[in-house]
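Student: What shape does this take:
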Amino acid sequence: MADKAGFGAILKENWKTTVHKFWVYRYVLKICWALLRRAWRHDFSKYSRHEAPHFAKANKLKDLKYGTDAYKKNLETIKPALEHHYKNNSHHPQHYEGGIMSMDILDWCEMLADWRAATRRTKNGSIKLSVEENQERFMYSDEVKRKFINFLRETRLWAPSYNVYKKVNNNRAQYTMIPDDAGWLYEQCEKECELVFSSPSEKKARKHFESVSRRSEIE
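Tutor: Residues are numbered from 1 along each chain as shown. Below you'll find the model as predicted:
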């Protein structure tokens with residue numbers, strides 16, 4: 001029968017594990033800081049004279065559906081700005097000769113955050129649709145697509161964000177919760193209703209929606 005480890009040995013090993021956890025924590029924070037620096041520098045080149053005038057003239061993406069011929073045609077009008085942008089921003093697959101598989105892990109993180117943010121600027125934007133359509137565009141494998149989806153799920157970027165809108169009828173407030181990729185319904189609410197709350201997660205939006213609904217019933 002094997003001898004059991006003594007209390008001293010267990011305490012010593014636990015201390016080693018705690019020190020290891022500390023260093024892992026420190027290095028994870030360094031990774032987080034690297035991502036924060038990227039978030040701060042993201043798309044700075046769009047403020048430059050090489051890009052700003054072009055993007056200002058073609059600011060119609062919110063009215064276009066991602067991936068359509070009209071969307072691609074709109075991008076053609078800003079081709080000089082896009083070429084400069086891709087050259088100076090490594091979070092785009094076009095930055096590398098080898099495409100998306102030449103990007104590093106931090107590039108991928110920033111790219112996926114960029115894709116998710118872009119869904120809020122285009123008609124019927126959806127991160128699920130972006131991941132599917134960009135597979136053909138950038139030619140990544142099903143395995144890479146699964147990695148992207150798992151990353152988006154883990155970071156809670158996969159589900160659509162929910163927005164709470166208020167509409168007043170006969171001096172009575174009515175609240176409606178609409179996901180930001182709900183197409184024409186989302187557009188209609190933007191036209192007719194007042195946005196009173198926007199949450200990055202369904203859970204927070206539902207909690208707020210329930211609270212304002214209860215208050216409206218009391219009033």
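Student: The helix or strand residue 22 falls within: what's the following helix or strand?
Tutor: Secondary structure from DSSP states H and E places residue 22 in helix 7-41. Using DSSP H and E, the helix or strand that directly follows helix 7-41 along the chain is helix 52-57.
Student: Need the CA coordinates for that next one. CSV is fine.
Tutor: Once non-C-alpha atoms are left out, helix 52-57 reads as follows in CSV (Å, rounded to 0.1, in the frame of the first residue of the first chain):
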residue,chain,number,x,y,z
ALA,A,52,-11.7,59.6,-43.8
PRO,A,53,-13.0,61.4,-46.9
HIS,A,54,-13.7,58.2,-48.7
PHE,A,55,-15.6,56.5,-45.9
ALA,A,56,-17.6,59.7,-45.3
LYS,A,57,-18.9,59.6,-48.9
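Student: and that helix, how far out from the chain's middle?
Tutor: For helix 52-57, the distance from its own C-alpha centre to the chain's C-alpha centre is 23 Å (C-alpha atoms, centre = their mean, to the nearest Å).
Student: Can you list the buried residues in it?
Tutor: When neighbours are counted by 16 or more other C-beta atoms under 10 Å, the buried residues of helix 52-57 are found to be 54-55. In short, each C-beta sits where N, CA and C put it, glycine included.
Student: same deal with stretch 105-121?
Tutor: The neighbour-count check on stretch 105-121 (16+ other C-beta under 10 Å) flags 107-113, 115-116, 119 as buried.
Student: likewise stretch 82-89?
Tutor: Buried residues in stretch 82-89, counting neighbours by 16+ other C-beta under 10 Å, are found at 82, 84-86, 88-89.
Student: Out of those residues, the closest to residue 23 would be?
Tutor: Sorting the buried residues of stretch 82-89 by how near they are to residue 23, with C-beta to C-beta, puts residue 89 at the top with 32.2 Å.
Student: Show the backbone phi and psi for the closest one.
Tutor: Phi and psi for residue 89, reported as degrees, to the nearest 10, are phi -140, psi 110.
Student: And residue 173, by the same measure?
Tutor: In this entry, residue 173 is assigned phi and psi values of phi -80, psi 130 (degrees, to the nearest 10).
Student: what about the helices in the chain?
Tutor: Counting by DSSP state H, residue ranges of the helices within the chain are 7-41, 52-57, 69-76, 79-88, 105-118, 127-138, 142-154, 184-192, 202-218.
Student: Tell me who's in contact with the residue most central in space within the chain.
Tutor: Nearest to the centroid of the C-alpha atoms of the chain, with distances taken as C-alpha atoms, centre = their mean, sits residue 116, at 3.0 Å. Listed by C-beta atoms under 8 Å, 6 or more residues apart in numbering, the contact set of residue 116 reads 127, 130, 152, 157.
Student: nearest to residue 69, of the residues you listed?
Tutor: The shortest gap between residue 69 and any of the contacts of residue 116 belongs to residue 130, at 17.2 Å (C-beta to C-beta).
Student: Thought residue 119 was touching the closest one, still the case?
Tutor: Yes. Between residue 130 and residue 119 a contact is recorded at 6.4 Å, counting by C-beta atoms under 8 Å.
Student: ok, how many other residues are close to residue 156?
Tutor: Residue 156 sits with 12 neighbouring residues when counted by other C-beta atoms under 10 Å.
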